[in-house]
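Student: how would this look folded up:
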Amino acid sequence: MEATAPPPPPLSVQQTLEEDQKCQPQTPNNPSSSSKPTKLKSFVASVMESAAVLRRTPSFKEDTYLISHLKTSEKKALKELKDTILFNLPPDSSMWGIQLTGTSDPRADVILLKFLRARDFRVQDSIAMLRKCLAWRKEFGADVVSEEELGFKELEGVVAYMHAFDREGHPVCYNAYGVFKDKQMYDKIFGDDDDDVKLTKFLRWRVQVLERGIKLLHFKPGGVNSIIQVTDLKDMPKRELRSASNHILSLFQDNYPEMVARKIFVNVPWYFSLLYSMFSPFLTQRTKSKFVISKEGNAAETLYKFIKPEDVPVQYGGLSRPGDDISGPPKPASEFTVKGGERVNIQIEGIEGGATITWDIVVGGWELEYSAEFVPNSDDSYTVAVEKPRRIAANEEAVHNSYTTSEAGKMVLSVDNTASRKRKVAAYRYVVRKSPTNI
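Tutor: Numbering: from 1, shown residues only. As a prediction, this is how the structure comes out:
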C-alpha cells in the first residue's frame, strides 16, 4: 500500500540566461532545517514581472450588492421596485429558489438589483424585464432543466461546460464551438437550417449548462454572484452557427441579467480583434471592462491572470484534466516565468530510495525544449535520463509523468527557452509517495 509522503522537501529553482549557460552555484538544501524553496534572484524578478503585468490588466470590479454601497438614487429605485412587485407579481414569484415578493431575504435584493442594473435603474423597465423573465422561466421550465437528460453526452466537457473556479471564487463556464466545423457533427446536432426541433433542443441544453453554473452562486451581498465566461474562437464556424448564436445571446441577455462578471475570449483571430476595436468606442466603459481579448497562442498567459493553473483545462495550457476531481480537490501548482533566452531547472530534492514521484509541468505556448532527469545523491551512481530532451510543440498539453527511484536523490525538470526571445508563463506540481517498505 502506498502512502503520501510528508510535506514535500524544498525545491531549488534555477534560471540561467543565454549569456551565461552555466548554472549559478546552488547552496544545498537541508530538508530538516528549511521548508522554503531556494530561488535565484532572476527567478524572483520574473515573478515580480509577472505580477506587474497582472496589475496593469484592466479589470472589471464586480458589484458587491451591499445596500450600504448603493447610491441614494439606487436605494430609492430598489425600494420602489420591491413595493411595486409586491402588488403586481404573483405572491409565489421566485427565481433559483429565492422568493422575490414580500420578503426581507437579502438574496432577493441581489436578484432585483441585477434587473435594475440591466436597465440602468429605470424601475418600470426593470419590472417589465422581470415579468417577461418570470413568464419565460415558467414556459421554458428553467427551474427543472438542470436535472433533465437531454442526450448531448458528446458535447459535455467540449462545447459548453462549467469547470472549476477563478481566483476570486467565480464559477467558470467554457464555450468552444470549433467542434461544429466538422459537418457530420454539425448535422447531427443541428440538422438542416430549418430544423427548429434540433435547434430548440440544443438551446435547452445550453440553458441547462448555465443553470447548473448559477446553482454555484451565493446570491448574497458581498458574495460570489456571477460567473466567468471563457469563449474559445478557434475554428468556430461563423455562418453555420449564426442562428444558434443569436438565439443564445438573446435568451441570456433577456433572462440572465448581470450574471457574467468577465468575458474572456481566447484564440482570437486577427479579424475579431479588428472588429472589436471598431465597435469598442460604442461600448460603455462598464461593458468594455468585462471583456478580455487574447490572441491565438496566448490562452495560458491570459487565463493564469484570473484562474489558477491547476484549475485551467489542459487544452488551454493548464494542468486540469477530465476526471481529476474524482480524487478530490486539485493539488495546488507553483507558477513561474520563463524569460526569453533563459533555461529553468526545477530541482525536487530529498527523494528517498524506492519512492515514486509524479509530476505535471506545462509552459504556455511551449515551443521550447523539455527534459527530466534523476540525479542520485551517491557520487558513485549515474544520472538517469527519465525524459530525454525534446522539442515540445505549441499545442501540446501538460506533461504528466512518474518515476520510481532505486536510490535517494533529486528530480530535475528542465525547460530551455534559450532559442526564443518570448517570455512565457509556466506551472508545475508534484507528489512523492514513499515505498511501502519505508513506511
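Student: check which helix or strand covers Met185.
Tutor: Per DSSP states H and E, Met185 falls inside helix 183-190.
Student: quick one: list the elements packing against the helix or strand just after that helix.
Tutor: Remark: after helix 183-190, the chain's next helix or strand is helix 196-214, criterion DSSP H and E. Contacts defined by 3 or more CB pairs under 8 Å, 6 or more residues apart in numbering; DSSP states H and E place helix 196-214 against strand 160-165, strand 171-176, helix 183-190, helix 242-255. All C-beta atoms are positioned from the backbone trio N, CA, C, and that covers glycine.
Student: now what about the first one, what contacts it?
Tutor: By CB atoms under 8 Å, 6 or more residues apart in numbering, the residues outside strand 160-165 that reach it are 157, 171-176, 205-206, 209, 212-213, 216, 227, 307, 311-313, 320, 330.
Student: list the buried ones in the helix or strand harbouring Val425?
Tutor: According to DSSP H and E, Val425 maps onto strand 424-434. Of the residues in strand 424-434, 424-430, 432-434 count as buried by neighbour count, 16 or more other CB atoms under 10 Å.
Student: now do the SS call for the residue sitting furthest away from the middle of the chain.
Tutor: What lies farthest from the middle of the chain is Asp380; by CA atoms, centre = their mean that is 46.2 Å. Following DSSP: H, G, I helix; E, B strand; the rest coil, Asp380 is assigned to coil.
Student: how near is it to Glu407?
Tutor: From Asp380 over to Glu407 the distance is 10 Å, taken as CB to CB, to the nearest Å.
Student: swap in Ser73?
Tutor: Ser73 sits at a distance of 73 Å from Glu407 (criterion: CB to CB).
Student: those two - which one has more neighbours?
Tutor: Shown here are Ser73 and Glu407; by other CB atoms under 10 Å, Glu407 has more neighbours (14 against 9).
Student: against which helices or strands is the helix holding Met185 packed?
Tutor: helix 196-214.
Student: may I have the helix it packs on as PDB, with CA atoms only?
Tutor: Extracted in PDB, the C-alpha atoms of helix 196-214 (Å, rounded to 0.1, in the frame of the first residue of the first chain):
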ATOM      1  CA  ASP A 196     -36.200  24.000 -35.400                       C
ATOM      2  CA  VAL A 197     -36.700  20.900 -33.200                       C
ATOM      3  CA  LYS A 198     -32.900  20.200 -33.000                       C
ATOM      4  CA  LEU A 199     -32.100  23.900 -32.500                       C
ATOM      5  CA  THR A 200     -34.600  24.100 -29.700                       C
ATOM      6  CA  LYS A 201     -33.200  21.000 -28.000                       C
ATOM      7  CA  PHE A 202     -29.600  22.400 -28.300                       C
ATOM      8  CA  LEU A 203     -30.700  25.800 -26.800                       C
ATOM      9  CA  ARG A 204     -32.300  23.900 -23.900                       C
ATOM     10  CA  TRP A 205     -29.100  22.100 -23.300                       C
ATOM     11  CA  ARG A 206     -27.100  25.300 -23.400                       C
ATOM     12  CA  VAL A 207     -29.500  26.900 -20.800                       C
ATOM     13  CA  GLN A 208     -29.100  23.700 -18.700                       C
ATOM     14  CA  VAL A 209     -25.300  24.300 -18.600                       C
ATOM     15  CA  LEU A 210     -25.800  27.900 -17.400                       C
ATOM     16  CA  GLU A 211     -28.500  26.900 -14.800                       C
ATOM     17  CA  ARG A 212     -26.100  24.400 -13.300                       C
ATOM     18  CA  GLY A 213     -23.500  27.100 -13.000                       C
ATOM     19  CA  ILE A 214     -25.900  29.500 -11.400                       C
END
